[in-house]
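Asks: I'd like to go over a predicted model; first the sequence, then the structure.
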Amino acid sequence: MNATPATTATKLRRGRSLRQDLVWWTWSLVTLTFVAFAFAAYLMVFSPMVDQLAASAMHQGSHVAREQIEGLFAQIDRVANDAREWGRNRNYNLDDVWQFNHLFIPFLSRRPRIAALLFAEDSGRELMLQKMPNGEWHNRITDIPKSGNRQQWLQWRDLDTLRAEDWRDSNYDPRLRPWYQGVMGLERNDGVYWTDPYLVLTTQEPGITASVRWRDPVTQHGYVAALDLKLLDLSRFTRQLTISPNGRVAVILPDGRLLGLPRHPGIRDDADLKPGMLKTAAEQGLTYLATGIDQWREAGRPTDRIHFFRTNRERWVSYFLPVELRNQKLFIVAMAPRADFIPLTTRDSLIFIILFAAVLVLAFLVANRLARRVAQPLEALVADSKRIGRLELEQPVEPPRSWREVDALAGAHEHMRHMLLANRRELEQATSPWSARSPSVPGNWRGRSRRPRKPLSPRACSWPTCRTKSAPR
């Protein structure tokens, strides 16, 4: 038993809307294209550009710092060499304190980074000139051959006014100090020796000493002149260096101890600087600096090269640059979060978001228009197909002009309408003689006497396989 048309219609699966699919897929394609382009641009252009900006800023900032630090230590080298030349020329000696002070107090007053000047002889005699925070000048006179462990201290209010004098007991011997033994161990007489950083004996502040030596051609005594340099000044300098908004610059020793502290919210003045000097970054609580130094050591301590590392879920950039200081070697460490070098402000990000939203809206409008242009002729063809299915064949198939493929489909519908219309007319012509027989013959009898062949229903055949079958003669 054949299924009725209504039953057949209910079995057809109802598909999705072509117009909605076109809008959705076109909009999705444009969005994915835009996102893929942005992602590729980030990986291939933007991210390398940020790395190059970071490398450039780190390189420039570190080299500027090295130039200034080398200039600072070169100044001390020149002062030490001047002290040696003046000693060779006998411009000062251990017996005339007044002459010594009048020569070096004006000289040291113009160089605030030098804390003290020491002048020692290989016999155990020494004369020290120290600059005090209150503006006074103190002399310490050591004469082991004559006074043993007794030291004479002179306190000067100014260049010519002696404020106080006293004697103190001390087992101090200048010949046992690192600055004396180090310079005496140099092969060349014209060299400058830099000690390891240490706590200055008189002030307990971190410092470093540069010393030179010479021999008096007359007395054949060996002499050493030494300059104490304040390391607090080095930390003041590194705290002022700015590479990026959150960048830091420090000076470390090869063993990782801090010689110049970086800028940090917890370090506000000299009182905060002193406890952190000559300590490691981990001891000072500088996690990012400690992590960067550890990874630098694990990588073999490469210099003049950018390193990337992560700390506290943030990516940082580090740069290590050596500073050759005669017999000593320091490292300038520059570190900053990589995000500091992203050339996007809040305004730029907002503009990018607005442009992205505008692209999505434009893509939606274009997709909607395209879907309408595709769907309109197809919807018209659907309406024509339904009309042809109802055998309403008099009205031609005339959808709106569209693409060639849709026009070809419309032409096929029109051709099918013509063939069905012709078939129906032939059928009508073939059945007309039988319908014109005598009315006296009953219909059932007429059908029995000579029944014409039943034509194929248009619904029972499909074009173009449907062929017109004429009634038998």
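Replies: Cool, the structure landed.

Asks: which residue lies nearest the spatial centre of this protein?
Replies: Residue closest to the mean C-alpha point of the chain, counted by CA atoms, centre = their mean, is Arg338 at 2.6 Å.

Asks: what sits against that one?
Replies: By CB atoms under 8 Å, 6 or more residues apart in numbering, the contact list for Arg338 reads Val50, Asp51, Ala54, Phe308, Arg315, Trp316, Val317. Heads up, the C-betas are built off the backbone N, CA and C, glycines and all.

Asks: of these, buried ones?
Replies: The neighbour count (16 or more other CB atoms under 10 Å) marks Val50, Ala54, Trp316, Val317 as buried among the contacts of Arg338.

Asks: strands along the stretch 51-200 of the chain, start to end?
Replies: Under the criterion DSSP state E, counting those that start in this stretch, the stretch 51-200 of the chain contains strands at 114-121, 125-131, 137-143, 150-156, 162-169, 193-194, 198-199.

Asks: go through the ones you listed and name the closest to Pro322.
Replies: In terms of CB to CB, the element of the strands of the stretch 51-200 of the chain nearest to Pro322 is strand 193-194, at 14.5 Å.

Asks: show me what the closest one is packed up against.
Replies: In terms of contacts (3 or more CB pairs under 8 Å, 6 or more residues apart in numbering; DSSP states H and E), strand 193-194 is packed against helix 178-184, strand 206-215.

Asks: tell me which element the closest residue to Ser385 other than its chain neighbours falls in.
Replies: Leaving out its chain neighbours, the residue that sits closest to Ser385 by CB to CB, 6 or more residues apart in numbering is His413, at 6.6 Å. For His413, the host element (DSSP states H and E) is helix 404-435.

Asks: about what we covered before: reformat the buried ones among the contacts of Arg338 as a markdown table; add secondary structure.
Replies: Below are the buried ones among the contacts of Arg338 laid out as a markdown table (DSSP: H, G, I helix; E, B strand; the rest coil):
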| residue | secondary structure |
| --- | --- |
| Val50 | helix |
| Ala54 | helix |
| Trp316 | strand |
| Val317 | strand |
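
Asks: return the member of those residues nearest to Asn368.
Replies: Val50 (38.1 Å).

Asks: in the stretch 201-350 of the chain, which spans are helices?
Replies: Assigned by DSSP state H, counting those that start in this stretch, the stretch 201-350 of the chain shows helices spanning 232-240, 270-273, 281-284, 287-298, 346-389.

Asks: what residues does the second one touch?
Replies: By that I understand helix 270-273. The contact list for helix 270-273 (CB under 8 Å, 6+ apart) reads Leu232, Ser235, Arg236, Leu261, Gly266, Ile267.

Asks: now do the first one
Replies: Here helix 232-240 makes contact (CB under 8 Å, 6+ apart) with 65, 68-69, 72, 112-113, 205-206, 249-251, 259-264, 267, 270, 273-274, 277.

Asks: in it, what's buried?
Replies: Leu232, Asp233, Leu234, Ser235, Arg236, Phe237, Thr238, Arg239.

Asks: from those, which shows the smallest pLDDT?
Replies: Lowest pLDDT within these is found at Asp233 (78).

Asks: give me the below-cutoff pLDDT ranges for the stretch 51-200 of the chain.
Replies: 200 (pLDDT under 70).

Asks: 50 instead?
Replies: Applying pLDDT under 50 to the stretch 51-200 of the chain picks out no residues at all.

Asks: would you list the helices and strands packed on strand 193-194 in JSON lines and tack on mean neighbour count and distance to Ala40?
Replies: As requested, the helices and strands packed on strand 193-194 are exported to JSON lines (neighbours: other CB atoms under 10 Å; distance: least, CB to CB, whole Å):
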{"stretch": "helix 178-184", "mean neighbour count": "19", "distance to Ala40": "59"}
{"stretch": "strand 206-215", "mean neighbour count": "23", "distance to Ala40": "52"}
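
Asks: distance to Gly292 added to those, as a markdown table?
Replies: Output for the helices and strands packed on strand 193-194, formatted as a markdown table (distance: least, CB to CB, whole Å):
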| stretch | distance to Gly292 |
| --- | --- |
| helix 178-184 | 30 |
| strand 206-215 | 22 |
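
Asks: to Trp98, which of those lies closest?
Replies: Proximity to Trp98, assessed across the helices and strands packed on strand 193-194 by CB to CB, is greatest for strand 206-215 (22.7 Å).

Asks: helices or strands next to the closest one in the packing?
Replies: helix 47-88, helix 178-184, strand 193-194, strand 198-199, strand 222-230.

Asks: recalculate using a threshold of 7 Å.
Replies: helix 47-88, helix 178-184, strand 193-194, strand 222-230 (3 or more CB pairs under 7 Å, 6 or more residues apart in numbering; DSSP states H and E).

Asks: relative to Arg326, which of those is closest?
Replies: Of all the helices and strands packed on strand 206-215, strand 193-194 comes closest under CB to CB, at 5.2 Å.

Asks: from what I can see Ser123 touches Pro145, true?
Replies: Yes. When contacts are counted by CB atoms under 7 Å, Ser123 is listed as touching Pro145 (5.7 Å).

Asks: His307 against Arg297, yeah?
Replies: No. Under the criterion of CB under 7 Å, His307 is not in contact with Arg297, lying 11.1 Å apart.

Asks: which one's more surrounded, the two?
Replies: His307 (16 against 10; other CB atoms under 10 Å).

Asks: read off the pLDDT value for the more buried one.
Replies: Model confidence at His307 (pLDDT) stands at 88.

Asks: can you count the residues close to the closest residue to it other than its chain neighbours?
Replies: The spatially closest residue to His307, leaving aside those adjacent along the chain, is Ser318, at 4.6 Å (CB to CB, 6+ apart). The local packing of Ser318 (other CB under 10 Å) involves 23 other residues.

Asks: now do the contacts for Ser318.
Replies: Residues near Ser318 by CB atoms under 7 Å, 6 or more residues apart in numbering: Gly292, Trp296, His307, Phe309, Val333, Met335.

Asks: what about 8 Å?
Replies: Contact analysis of Ser318 by CB under 8 Å, 6+ apart lists Met58, Gly292, Gln295, Trp296, Ile306, His307, Phe308, Phe309, Val333, Ala334, Met335.

Asks: and for Leu258?
Replies: Ala250, Val251, Ile252, Gly276, Met277, Leu278, Lys279, Thr280, Ala281, Gln284.
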